[in-house]
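Asks: build me a model:
(chains A and B)
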Amino acid sequence: MTSWINRQAFRPDITVAAFFAVIALFFYGSIVWTFVMSLTRSTLVPTYEIVGFDQYVKLFTNQRWLVSCLNMVIFGLLYIVGTLAFGMLLAVLADRRIKAESLFRTIFLYPLAVSLVVTGLSWRWLLDPSNGLQALMRSIGWEAFTFDWLTRPDRALYTLVIASIWHSAGLVMVIVLAGLRGIDNDLWKAIRMEGIPLWRAYLQVIFPGMRPVIASCVVLLMSEVIRGYDLIIAMTKGGPGISTEMPAKFAVDFYFARVNLGLASAASIMMLVLSLVLLAPYFYSEFRRRT
Amino acid sequence: MSSISLRQIKKSFAGLTILRSVDMEIEKGEFIVILGPSGCGKSTLLNVIAGLDDCDDGQIVIDGRDVIGLEPSQRGLAMVFQSYALFPAMTVRRNLSFGMEIAGTPKAEIVDKVAWVAKLLQIEPLLERKPSQLSGGQRQRVAIGRALVRSSSICLFDEPLSNLDAKLRAETRVELKQLHETLKSTMIYVTHDQIEAMTMADRVAVMHKGKVEQFAHPQSIYEKPASLFVAGFVGSPAMNFLDGRLDGAGRFITGDIAIDVSAYAFEAKQGAGEAVLGVRCEDITVTERGVPGSLPATLAFTELLGADALGWFDCLGKRFSTRLGIEAARAMKGEVGLTFDMGKASLFSKDTEQRL
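Replies: Model prediction:
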């Protein structure tokens, strides 16, 4: 008996096969099912009568979806650029051997430990004109102070950007700081020998040499953009009007509130396609690097 | 082509003395190798000269100008690093030109200098590549090129060959020496490799515990080591040492054996006292047991090295190495006597560890 077990030894392929089966069924299976649903006229309950790409046509004539996509692009660009810039600046400051570095690192990383819902609520209170920052400034005598972006349809999106940057900058800081700590000391010596000013050293020598680190940050932030849902719910609920709608919220709304399974599935599939399109350059460059 | 003088350079860090009063006069166009074991302060000394590290006290004068307090980029020198330290995201061409761009050198001059150095180091085909696409040896060339466009009058090297494999290291050593002969620039080269020191240097400074123990031509360092440390550090296999006593009358006494040292050229007047006798392996002759003046020894083993061989003997409780011919080594066995060539041996004081 024992010899039979010994002969079988450890079979990693069986263990891994079980794992892959779960992934295939629940992960890729769900994707396939969602795609099938997007080709049907399903509403509250699934029907399996294929009607082709009708739902996609409907989706791209839907004003709310188009606004959602445009919002995501604007939000995504500002958020990624802003978070990278801010996070890298913090990392550089921390890298300059400031005093109490670990204290500052903790302070700036802390927002990441706060759930996005709590972040959204806090910022909603803070930016609410009637009892937040604006009310505070007015109460201490600055009567003309106005900061009502949260309630203005053309500006509300930017309050989301501000809150998200606050939330994620610490993460970028920590990742970039780890990259900076890995920089060879000889490189810094060479920079001093050549008399390169510090800002040019970072912008032209150090950061370009850290491309994989920064690419990882961008990918992380992109996934935040595409699945962005909880912050919007907590902060603006998509309003005022539809001014801060986003694709993920659109899909959830149509799945559950408006019971339009077909359209919501089409929206989900479009988000998947978008993710793949955005990630393709990253995977391509990683693949090329290895071969 | 600049002269450098270091005067009483001192540095300590966190209560630890790293450099204790280093003095060195380096002449124009000299190739100086600073040799020492790790932790002897040789890299720190180089960084102090470059201005990358501050020293606590002392003067560094380059071409008559005191450079203490000047930024590294203002000292008119260049440096090559062990890990090359090329700018990773820039092409080789831009690696060479970036420093000049920062310094505001005119465009035409930059182009000329890059072309000159690329031709000199034969890296023209590599100019458009990134450092990650180069081999270790090619990176090293680019690093040397970057130093040369910066300053061809003084070049500092911080163990530049230690990341290369043995064959490439030997080739690059020769090329560096030729480069020095072409450019006639002043070079200071830090290494722990004594072969590099012996082959390349005009003068070698052997450092130990933050002090220069001896600063001389490599051959005289080998033949007339100034201290016990230099004698033990330079040379492979290491020098053979024998503890004993000088009787003041031309004899070195160890146990019940007296060795005649009248052929030895003393630095000062010969005194009496505790001493250490050092002999290189090639200055020992193997004789029959019992020849007058020889030490009784027993063969332990022999090592064949191809061109010649080493014989290892147990003698007076110590192990001695001698250089032998291949045939002699094959025939060698058993009980023999060892005779030292006292004209080439070294004697050190037991307490000061300095050459007598």
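Asks: make it CA atoms for all contacts and neighbour counts henceforth
Replies: Will do.
Asks: up against chain A, what does chain B have?
Replies: Among all residues of chain B, those adjacent to chain A (criterion: Cα under 8 Å from any Cα of the partner chain) are B:50, B:52, B:71-74, B:78-79, B:81-90, B:99, B:102-103, B:150.
Asks: just the buried residues from those residues, in ChimeraX please.
Replies: For selection in ChimeraX, the members of the residues of chain B next to chain A meeting the burial criterion (16 or more other Cα atoms under 10 Å in any protein chain shown) are listed in this command:
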select /B:50,52,72,73,78,79,81,82,83,84,85,86,87,88,89,90,99,150
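Asks: so where's the chain shaky on pLDDT?
Replies: Looking at chain A here, since you left the chain open. Counting by pLDDT under 70, chain A contains low-confidence residues at A:1-10, A:289-291.
Asks: hm, I was asking about chain B
Replies: Residue ranges of chain B with pLDDT under 70: B:1.
Asks: show me how the record splits it into domains.
Replies: Under automatic domain parsing, the residue ranges defining each domain of chain B are B:4-232, B:241-349.
Asks: winner for burial among the ones you listed?
Replies: The highest mean neighbour count among the domains of chain B, using mean count of other Cα atoms under 10 Å in any protein chain shown, belongs to domain B:4-232: a mean of 19.
Asks: before we move on, the earlier item: for A:Leu157, which of the domains of chain B is the nearest?
Replies: For the domains of chain B, distance to A:Leu157 was read as Cα to Cα. The smallest value, 35.9 Å, belongs to domain B:4-232.
Asks: residue contacts, A:Asn260?
Replies: Contacts for A:Asn260 (Cα atoms under 8 Å, 6 or more residues apart in numbering or on different chains) come out as A:42-44, A:254.
Asks: from these, keep the buried residues only.
Replies: Listed as buried from the contacts of A:Asn260 are A:42-43, A:254; burial here means 16+ other Cα under 10 Å.
Asks: out of the residues of chain B next to chain A, which are inside strands?
Replies: Members of these lying in strands (criterion: DSSP state E): B:78-79.
Asks: could the contacts of A:Asn260 be laid out in CSV, adding secondary structure?
Replies: Shown next, in CSV, are the contacts of A:Asn260 (DSSP: H, G, I helix; E, B strand; the rest coil):
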residue, secondary structure
A:Ser42, coil
A:Thr43, coil
A:Leu44, coil
A:Phe254, helix
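Asks: can you name the two of the residues you listed that are farthest apart?
Replies: Pairwise distances among the contacts of A:Asn260 were taken by Cα to Cα; the largest, 11.5 Å, belongs to A:Ser42 and A:Phe254.
Asks: list the contacts for B:Arg141?
Replies: By Cα under 8 Å, 6+ apart, the neighbours of B:Arg141 are B:121, B:123.
Asks: for B:Gly210, what are its contacts?
Replies: Residues in contact with B:Gly210 (Cα under 8 Å, 6+ apart) are B:17-22, B:40-42.
Asks: excluding chain neighbours, what is closest to it?
Replies: Once its chain neighbours are removed from consideration, B:Gly210 has its nearest residue in B:Leu19; the separation is 4.1 Å (Cα to Cα, 6 or more residues apart in numbering or on different chains).
Asks: repeat that for B:Gln74.
Replies: Of all residues beyond its chain neighbours, the one nearest B:Gln74 is A:Gly195 (7.9 Å), with distances taken as Cα to Cα, 6+ apart.
Asks: again, but for B:Leu35
Replies: Nearest-residue entry for B:Leu35: B:Val206, 4.8 Å, with adjacent residues in sequence omitted and distances by Cα to Cα, 6+ apart.
Asks: now render the contacts of A:Asn260 as TSV, adding distance to chain B.
Replies: Written out in TSV, the entries for the contacts of A:Asn260 read as follows (distance: Cα to the nearest Cα, whole Å):
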residue	distance to chain B
A:Ser42	53
A:Thr43	54
A:Leu44	55
A:Phe254	47
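Asks: as TSV, those with distance to B:Glu223 would be great.
Replies: Formatted as TSV, the entries for these read as follows, by distance: Cα to Cα, whole Å:
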residue	distance to B:Glu223
A:Ser42	96
A:Thr43	97
A:Leu44	97
A:Phe254	91
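Asks: any idea what the residue nearest to B:Leu35 is bridged to?
Replies: Partner residues in beta bridges with B:Val206: B:Leu35, B:Gln214, with DSSP bridges as the criterion.
Asks: going by proximity to chain A, name the top residue of the stretch 101-250 of chain B.
Replies: Minimum separation of the stretch 101-250 of chain B from chain A (Cα to the nearest Cα) falls at B:Ile102, amounting to 6.4 Å.
Asks: and the closest residue to that residue other than its chain neighbours, how many neighbours?
Replies: Distances taken as Cα to Cα, 6+ apart put A:Ile196 closest to B:Ile102, at 6.4 Å, once the chain neighbours are dropped. Using other Cα atoms under 10 Å in any protein chain shown as the criterion, A:Ile196 is surrounded by 22 other residues.
Asks: pretty sure A:Ile196 sits against B:Gly99.
Replies: Yes - in this structure A:Ile196 lies within contact range of B:Gly99 using Cα atoms under 8 Å: 7.1 Å.
Asks: quick one on the thing from earlier: restricted to helices, list the residues of chain B next to chain A.
Replies: In helices, defined here by DSSP state H, the members of the residues of chain B next to chain A are B:50, B:99, B:102, B:150.
Asks: farthest-apart pair in these, please.
Replies: Greatest spatial distance among those (Cα to Cα): B:Ala50 and B:Ile102, at 18.7 Å.
Asks: quick one: name whatever helix or strand follows the strand or helix carrying B:Phe313.
Replies: If you go by DSSP states H and E, B:Phe313 is part of strand B:309-315. Proceeding C-terminally, strand B:309-315 gives way to strand B:318-324 as the next helix or strand, assigned by DSSP H and E.
Asks: one step back: between the contacts of B:Gly210, which sits nearest chain A?
Replies: Here the nearest of those to chain A, counting by Cα to the nearest Cα, is B:Lys42; it sits at 15.8 Å.
Asks: so who does the closest one touch?
Replies: B:Lys42 makes contact with B:34-36, B:190, B:207, B:210 under the criterion Cα under 8 Å, 6+ apart.
Asks: widest-spaced pair of those residues?
Replies: Looking at the contacts of B:Lys42 by Cα to Cα, the two members farthest from one another are B:Val190 and B:Gly210, with 13.8 Å of separation.
Asks: helix, strand or coil: sort out the residue nearest to B:Ile102 for me.
Replies: Three states are possible here, and by three-state DSSP the one that applies to A:Ile196 is coil.
Asks: where along chain B do the helices fall?
Replies: Using DSSP H, the helices of chain B run over residues B:42-50, B:92-102, B:107-120, B:136-150, B:166-183, B:194-200, B:218-223, B:228-233, B:326-331.
Asks: can you redo the ones you listed as CSV with distance to B:Arg355?
Replies: Written out in CSV, the entries for the helices of chain B read as follows (distance: least, Cα to Cα, whole Å):
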stretch, distance to B:Arg355
helix B:42-50, 23
helix B:92-102, 47
helix B:107-120, 44
helix B:136-150, 38
helix B:166-183, 31
helix B:194-200, 20
helix B:218-223, 12
helix B:228-233, 7
helix B:326-331, 32
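Asks: up against chain B, what does chain A have?
Replies: With Cα under 8 Å from any Cα as the criterion, chain A meets chain B at residues A:184, A:186-187, A:189-190, A:192-196, A:205-206, A:208-209.
Asks: mind running it again at 10 Å?
Replies: Applying the criterion Cα under 10 Å from any Cα of the partner chain, the portion of chain A that neighbours chain B consists of A:183-197, A:200-201, A:204-211.
Asks: and those residues, which of them are in helices?
Replies: A:185-193, A:200, A:211.
Asks: any quick PyMOL command for the buried ones out of these?
Replies: What follows is the PyMOL syntax for the buried subset of these, where burial is set by 16+ other Cα under 10 Å:
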select buried, chain A and resi 186+187+188+189+190+191+192+193
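Asks: can you tell me which two in the ones in helices among the residues of chain A next to chain B are farthest apart?
Replies: Of all pairs drawn from those, the widest gap by Cα to Cα lies between A:Met193 and A:Arg211 and measures 24.0 Å.
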